[in-house]
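J.: Kindly generate the corresponding structure for this input.
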Amino acid sequence: LGLHHVVALRGAAGVSRGEDLARQRFGLGATSASPSVLDFGGDALGLLRAGGGSLVAGSRIAVANMEYRLPLARLERGLGTWPLFLKWVHASVFADLARVSGSTASSRAWRRAEGGELSIDGVAGYALPFTASAGVAWGQDSRGSYGPTAYVRLGHSF
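T.: Residues are numbered from 1 along each chain as shown. Modelled structure (predicted):
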């Protein structure tokens with residue numbers, strides 16, 4: 001690995017039990033993980049960057065994500081007198097693996113996604129850091145066919 005290269009790993013799992021009306025349903029298809037450690041939403045764990053939205057949902061979920069992030073250019077430039085400063089351009093390649101079960105509509109099969117993204121780090125308004133990303137992921141869509149999904153995101157994936 002080179003200078004400022006990063007290998008990022010993430011694992012998440014969840015189980016929900018109880019009465020049907022009170023039970024949490026976990027879904028797959030989010031383009032970013034929840035930034036909070038204490039998020040009880042149905043899409044908090046389901047980082048699978050393919051399919052364009054929630055693919056399946058159920059009461060049990062297991063997710064593993066891997067990213068290799070590398071810097072492409074150090075800009076350190078502003079845009080004239082605008083309060084916008086661009087710092088880094090970086091790329092990443094990733095692989096996601098996930099499974100949801102516990103529902104009659106959910107499949108017991110593992111779903112996967114692979115892809116890449118391009119990101120820009122910057123500062124807006126002299127004090128607000130941000131990361132803007134655009135990417136393409138190959139994986140299963142809601143119809144079960146394997147193909148590309150394009151997405152944009154404000155913030156890191158995890």
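J.: quick one: the strands in this protein?
T.: Under the criterion DSSP state E, strands of the chain are mapped to 6-15, 26-27, 57-58, 60-78, 84-101, 111-124, 128-140, 146-154.
J.: and residue 50, which of those strands is closest to it?
T.: Residue 50 lies closest to strand 128-140 among the strands of the chain, at 2.7 Å (CB to CB). Heads up, the C-betas are built off the backbone N, CA and C, glycines and all.
J.: what comes into contact with that closest one?
T.: 31, 48-51, 55, 94, 96, 111-124, 146-157 (CB atoms under 8 Å, 6 or more residues apart in numbering).
J.: which parts of stretch 137-151 are buried?
T.: 137, 139-141, 149, 151 (16 or more other CB atoms under 10 Å).
J.: tell me how far the ends of stretch 2-11 are from each other?
T.: 25 Å (CA to CA, to the nearest Å).
J.: quick check, distance from that stretch to the centre of its chain.
T.: 15 Å (CA atoms, centre = their mean, to the nearest Å).
J.: How about residues contacting that stretch?
T.: Residues outside stretch 2-11 that contact it (CB under 8 Å, 6+ apart) are 1, 33, 47, 63-71, 158.
J.: repeat that for 6 Å
T.: 64-71, 158 (CB atoms under 6 Å, 6 or more residues apart in numbering).
J.: So what's the gap between stretch 7-16 and the chain middle?
T.: With CA atoms, centre = their mean, you get 12 Å for stretch 7-16.
J.: For that stretch, buried residues please.
T.: 12, 14, 16.
J.: and of those residues, the nearest to residue 27?
T.: When the buried residues of stretch 7-16 are ranked by distance to residue 27 (CB to CB), residue 14 comes first, at 11.0 Å.
J.: List the strands paired with the lowest-mean-pLDDT helix or strand in the chain, with their directions.
T.: Using mean pLDDT, DSSP states H and E, the weakest-scoring helix or strand in the chain turns out to be strand 57-58, at a mean of 82. Using DSSP bridges, the strands paired with strand 57-58 in its sheet are strand 26-27 (antiparallel).
J.: and the partner strand, what's its mean pLDDT?
T.: Strand 26-27 shows a mean pLDDT of 84.
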